[in-house]
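Visitor: prediction below, plus the sequence it came from.
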Amino acid sequence: MRWSSIFQAAVLAGAANAAPAEVPAGTKTISKRQSTSRYVFAHFMMGIITDRTSSADYDADMQKAKALGIDAFALNVAPDTSVNYTQQLVYAYDSAASNDMKVFISFDFNSGYWSTSDPAAVGARIAAFGSHSAQLKVDDKAFVSSFVGDGLDVTAMKDAAGIDVFFAPNFNPGSTADDFTLIDGLFSWYAWPTDGSNNPPSASSTYLPTNADTDYTNKIGDVSKYVARKPEAPICPPVSPWFFTHFQDTDSFAGKNWLYPADDLWFTRWNEILALGSRFVEIVTWNDYGESHYIGPLSSKHYDDGNSKWTNDMPHGGWADIAAPFIAAYKAGATAVTADHVTATGGEKVVYWFRPQPKGLDCASTDNVGSAPDGSDLVADSVFVVTLLTSEATLTVTSGSNAAQTFTAAPGANIFEVPMATGTQSFKVTRDDGATVVFSGDAPKQVSSTCVCGIYNFNAFVGMLPAGAVDSLDTDGLSRFTEGLKVSTCSPTPTLTANAKRGVAEARVTAV
């Protein structure tokens, strides 16, 4: 909505500045956690969480992100229309304050949302929340970002905000519509291999996240005021684990049916971030279930936009556990994850992921969309395993009927890939020539030889040893599960509970 009412903005500012709850004794404040000049953000989609009715509904997300070392959520918002983003921002800011987290607004300028021709409305929204105690400040300025927004009058926006703003938008580095001397940083959305536009890469056109890193660094480096300011470039590169979307014609996002190849991207991209050494990094995303790049819990309260067909029984929490030691290494200025980073972030783990069915299955006759996602030929039928270890160990992986494969895993973070076969996926880590079993267990989900629920599902199942708590979609998150399904063999009910309990029982942890 247009924020033309000074009174309305003042009321919201007052609500947003309510006194935060007391931080529990012994909890590290963000200033103590933030021991370097580097910041880690996670993109948080606000449009699907309007079933939240209080700040307490955000607490679990804040606490989980804080435990991983994330400094702030980038709250992706549009103007108030069918969604009351203002109320949800109040809840999120208050929860962040209660949990010693930070947040900031990421203005979504996608078609029909914020308008680049109305910088005053953008500035008014910043004014309403920019002085809240939970507002992230960088260089004593309220940090603000965007999704696209090229052509915005930055001076008018900052004038309307009425406070000092550190503006790091997602402008295209090749844009001719923007004066880059007016911004303070740049955020890239090129998190996956693409063709440079909104399509999977091809042999004739491939644009990698590292290409964007270079383009954004060069663009911001051309601005003289940054040359001697910080050793780290003030760009905010993205790191994302996956991309798969499969909406049918009746959904709000009709026509979204593609993937970007991301088999081992979560691991390789974090290592690229360590080598890059930028001042900021943003995880894309915490909760965008519709595009399958969530690392937050399935249980995080949200409405179903149609994604539950490919997200039910597909937790990604193990990817969050991989992020923790990489975040620790990034903030320390290290170029690799070491045993010390593993120890400092929860100890040894094994994280694995695989798709629920091979890419060659023909599901066209029963699929809700009717065709495989564009780019489906670009992914590998493989199981990926990341070891987070404090000392050398032996990893054994057995995928279905394939012969077991054994690897030597060094201390720190390492990745391994084995061919995927249908059936049970088994993992074991040993030491002392096999005499000491550190972890052992089967994945609670199998690779199927048939089309699960009749659809093409190119999402990833992410598991971990030792096995964590069961993570499931709730009723709101499953509300549109049956829409468009052409088979009657699936119901909107999580099915991993019993299998996950078996996995916990089989996982054995031996003190080393």
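Guide: Yes, it's here.
Visitor: quick one, helices of the stretch 251-400 of the chain?
Guide: 265-276, 308-311, 317-332, 339-344 (DSSP state H, counting those that start in this stretch).
Visitor: and the nearest residue to S95 once chain neighbours are set aside, how many residues sit next to it?
Guide: Closest residue in space to S95, ignoring its immediate chain neighbours: Y58 at 3.6 Å, by CB to CB, 6 or more residues apart in numbering. Bear in mind the C-beta positions are built from the backbone N, C-alpha and C, glycine included. By other CB atoms under 10 Å, the residues close to Y58 number 26.
Visitor: got the confidence number for Y58?
Guide: Per-residue pLDDT puts Y58 at 98.
Visitor: equivalent analysis for P79, please.
Guide: 94.
Visitor: quick one: the helices of the stretch 251-400 of the chain as TSV, columns for distance to N199 too.
Guide: Formatted as TSV, those follow (distance: least, CB to CB, whole Å):
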stretch	distance to N199
helix 265-276	17
helix 308-311	20
helix 317-332	25
helix 339-344	36
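Visitor: would you turn the ones you listed into JSON lines with distance to P358 and mean pLDDT?
Guide: Below are the helices of the stretch 251-400 of the chain laid out as JSON lines (distance: least, CB to CB, whole Å; pLDDT from 0 to 100):
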{"stretch": "helix 265-276", "distance to P358": "20", "mean pLDDT": "98"}
{"stretch": "helix 308-311", "distance to P358": "16", "mean pLDDT": "97"}
{"stretch": "helix 317-332", "distance to P358": "21", "mean pLDDT": "98"}
{"stretch": "helix 339-344", "distance to P358": "33", "mean pLDDT": "98"}
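Visitor: nearest to G434, of those helices?
Guide: Each of these was scored for nearness to G434 using CB to CB, and the closest is helix 339-344 (21.5 Å).
Visitor: list the buried residues of the closest one.
Guide: Neighbour-count burial for helix 339-344 flags 339-342 (criterion: 16 or more other CB atoms under 10 Å).
Visitor: kindly report the same for stretch 474-491.
Guide: Going by neighbour count (16+ other CB under 10 Å), the buried part of stretch 474-491 is 476-481, 484-485, 490.
Visitor: run through who's touching it.
Guide: 51, 248, 250, 289, 298-299, 301-306, 308-309, 311-312, 365-368, 452-455, 492-494 (CB atoms under 8 Å, 6 or more residues apart in numbering).
Visitor: from the residues you listed, which would you call buried?
Guide: For these, buried by 16+ other CB under 10 Å: 248, 289, 298-299, 301-302, 304-306, 308-309, 311-312, 366-368, 452-455, 492, 494.
Visitor: restricted to strands, list these.
Guide: Among the buried ones among the contacts of stretch 474-491, no member falls in strands (criterion: DSSP state E).
Visitor: just want the most central residue of this structure.
Guide: For the chain, T285 is the residue whose C-alpha lies nearest the centre (CA atoms, centre = their mean; 2.3 Å).
Visitor: quick one: A142 is in a strand?
Guide: Yes - the assignment for A142 (DSSP: H, G, I helix; E, B strand; the rest coil) places it in a strand.
Visitor: that one: neighbour count?
Guide: 22.
Visitor: can I assume it is in contact with G130?
Guide: Yes - at 3.9 Å, A142 counts as touching G130 under the criterion of CB atoms under 8 Å.
Visitor: residues bridging contact with the two, i.e. touching both?
Guide: 161, 163, 165.
Visitor: of those, which is the nearest to G174?
Guide: V165 (24.0 Å).
Visitor: please report how far that closest one lies from S131.
Guide: V165 sits 12 Å away from S131, going by CB to CB, to the nearest Å.
Visitor: ok, those two, which is more surrounded?
Guide: Ranked by neighbour count (other CB under 10 Å), V165 and S131 place V165 first, with 22 against 15.
Visitor: beta partners of that one?
Guide: A142 (DSSP bridges).
Visitor: from T394, how far off is it?
Guide: Distance from V165 to T394, by CB to CB: 53 Å.
Visitor: same question, A42
Guide: Distance of A42 to T394, computed by CB to CB: 34 Å.
Visitor: which one's more surrounded, the two?
Guide: The neighbour comparison of A42 against T394 (other CB under 10 Å) goes to A42, with 25 against 17.
Visitor: hang on, that one in a strand?
Guide: Yes - counting by three-state DSSP, A42 is found in a strand.
Visitor: that one contacts M62, correct?
Guide: No - when contacts are counted by CB under 8 Å, A42 is not listed as touching M62 (10.7 Å).
Visitor: overlap in contacts, those two.
Guide: Shared contacts of A42 and M62, counting by CB under 8 Å, 6+ apart, come down to F73.
Visitor: picking that back up, tell me which of the buried residues of stretch 474-491 is nearest to T390?
Guide: Checking the buried residues of stretch 474-491 one by one against T390 (CB to CB), the nearest turns out to be G477, at 36.2 Å.
Visitor: which SS class is that closest one?
Guide: helix.
Visitor: thinking again about what came up before, what's near enough to touch the closest residue to the residue nearest to the centre of the chain other than its chain neighbours?
Guide: Computed as CB to CB, 6+ apart, the closest residue to T285 that is not its neighbour in sequence is H43, at 4.1 Å. Shown in contact with H43 (CB under 8 Å, 6+ apart): 73-74, 76, 106, 282-286, 288.
Visitor: before I go, just wanted to say thanks for your time.
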